[in-house]
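K.L.:
Next come a sequence and a model predicted from it.
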Amino acid sequence: MIEQDTVKLLRECDAGIKMGVDSIAEVLEYACDNTLRHVLQVCKTTHEKLQHEVRVLLDQYHDSGKEPNPMAKGMSWVKTNVKLAMEDSDKTIADLITDGCNMGVKSLTRYLNQYKAADEKSKTITKDLIASEEKLIIQLRPFL
């Protein structure tokens, strides 16, 4: 049960990180404010480090990980591009990323509760990812 919950939790982290990194990369080029651009880049780098940790653990379990839901990814892409086309601003970027972070925190917390038997290392990575998302939400508030 521990191994099964661990792999499932790591898969969800893998998919969530991929979605987060893609979303940040998508809006980064539109950021006008240097502080906003820096905050986004730091978060992206943090996510990439956590992604490496997740990949190492998944490799130990001989698991290939999980891709984000194609429907969710497509809808996110459309929403981002439509909103940025209508209003290309730092406020729009902060709004989009804040929404994504809130969904990520909610989902990851649900998975953390669902896969209680996961090992402590996987739980710690999940908690670190949640903390990173929550920190970004706070850092984006001045841009909303």
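P.N.:
It's in. Numbers count the residues shown, from 1 in each chain.
K.L.:
contacting residues around L129?
P.N.:
C13, G16, I17, H47, L50, G104, L108 (Cβ atoms under 8 Å, 6 or more residues apart in numbering). For the C-beta atoms, the positions are set from N, CA and C on the backbone; glycine is no exception.
K.L.:
Is it within a helix or a strand, and which one?
P.N.:
Assigned by DSSP states H and E, L129 belongs to helix 120-140.
K.L.:
same thing with E67?
P.N.:
E67 belongs to no helix or strand when elements are defined using DSSP H and E.
K.L.:
With adjacent residues omitted, what lies nearest to it?
P.N.:
Closest residue to E67 apart from its sequence neighbours, by Cβ to Cβ, 6 or more residues apart in numbering: A15 at 6.3 Å.
K.L.:
repeat for K123
P.N.:
Residue nearest to K123 in three dimensions, not counting chain neighbours: L112, with 6.5 Å by Cβ to Cβ, 6+ apart.
K.L.:
and if you look at K135?
P.N.:
Using Cβ to Cβ, 6+ apart, the closest residue to K135 is C43 (7.7 Å).
K.L.:
How about the residue nearest the centre of the chain: what's its closest non-neighbour residue?
P.N.:
By Cα atoms, centre = their mean, the chain has its centre lying nearest to G20, at 3.3 Å. Of all residues not flanking G20 in the chain, H47 sits nearest, at 5.2 Å (Cβ to Cβ, 6+ apart).
K.L.:
From E134, how far out is that neighbour?
P.N.:
Distance, H47 to E134, by Cβ to Cβ, to the nearest Å: 13 Å.
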